[in-house]
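[1] Based on what follows, work out the 3D shape:
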Amino acid sequence: MTDANAATPTPVKIGIVTVSDRASRGVYEDKGGPAIRDELTRIVASPWIAEARVIPDELDLIAATLVELCDVAGCDLVVTTGGTGPAPRDVTPEATERVCDKMMPGFGELMRSVSLRVVPTAILSRQTAGIRGRSLIVNLPGKPSAIHDCLEAVFPAIPYCLDLIGAGRIETDPAICVAFRPKS
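    Alright, predicted model coming up:
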């Protein structure tokens, strides 16, 4: 018997942003955005809705897209892929820093640590994370295998972070990701 008064959880909105000149022009297949969506589908157990974008490596456009996803679309979490290396057009971390109220450097530190176990060039990656209002923005690398490794590493902290900033609640599949919850 079901409780007719039981509320259906409101789906959390998650922005997925691929930052790539070539993918935005259709020259290169976007593999990063679909990899993020696959990882979120695997990890997140509660209802969620994706707001996906594929944009070029343009600082102002990246910043505007992050603002739009957080402030207009109402995304609780925004996950980006691409633009985190040392190349001149890699400006995703700068755009993230530009729009955030608080930076969360521990996310980048953990992602680099995990990636260094796989590839020594991970030291060149500049992933970061920050908070804009009631939204958490996380910058991931562009390679699908690195997206898997990095998102799996940082996701245990994401539900608690969202709780702390007043964003929507995300439940994770405990067989994959045991999210940190404070002791009552």
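[2] C-alpha only now, for contacts and for neighbours.
    Fine.
[3] May I have the residues that are in contact with the residue positioned nearest the centre of the chain?
    For the chain, the residue nearest the mean C-alpha position is Val79 (2.1 Å; Cα atoms, centre = their mean). Applying Cα atoms under 8 Å, 6 or more residues apart in numbering to Val79 gives the contacts Ile14, Gly15, Ile16, Val17, Ile36, Ile137, Val138, Asn139, Leu140.
[4] repeat that for 7 Å
    The contact partners of Val79, taken as Cα atoms under 7 Å, 6 or more residues apart in numbering, are Gly15, Ile16, Val17, Ile137, Val138, Asn139.
[5] Just those residues: which are in strands?
    Per DSSP state E, strands hold the following members of the contacts of Val79: Gly15, Ile16, Val17, Ile137, Val138, Asn139.
[6] element containing the residue lying closest to the fourth one once chain neighbours are set aside, please.
    With sequence-adjacent residues excluded and distances taken as Cα to Cα, 6 or more residues apart in numbering, Ile137 is closest to Val78, at 4.6 Å. Using DSSP states H and E, Val78 sits in strand 77-81.
[7] Okay, now the sheet partners of that strand, with direction.
    strand 12-19 (parallel), strand 135-140 (parallel) (DSSP bridges).
[8] could you dump that strand to CSV, C-alpha only?
    Extracted C-alpha coordinates of strand 77-81, given in CSV (Å, rounded to 0.1, in the frame of the first residue of the first chain):
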residue,chain,number,x,y,z
LEU,A,77,25.2,21.1,-9.8
VAL,A,78,27.1,22.0,-13.0
VAL,A,79,29.7,19.7,-14.3
THR,A,80,32.1,20.8,-17.0
THR,A,81,34.5,18.9,-19.2
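[9] what mean pLDDT does that strand have?
    Mean pLDDT, computed over strand 77-81, is 98.
[10] Just the residues contacting the following helix or strand past it, thanks.
    Moving toward the C-terminus from strand 77-81, the next helix or strand (DSSP H and E) is helix 92-99. Outside helix 92-99, the residues within contact range by Cα under 7 Å, 6+ apart are Leu59, Ile62, Ala63, Val67, Gly83, Thr84, Met103, Arg126, Gln127, Thr128, Gly130, Arg132.
[11] contacting residues around the closest residue in space to the last one that isn't next to it in sequence?
    Going back to what we said before, that points to Arg132. In space, and not counting its chain neighbours, Arg132 is closest to Cys100: 4.6 Å by Cα to Cα, 6+ apart. By Cα under 7 Å, 6+ apart, Cys100 lies in contact with Gly130, Ile131, Arg132.
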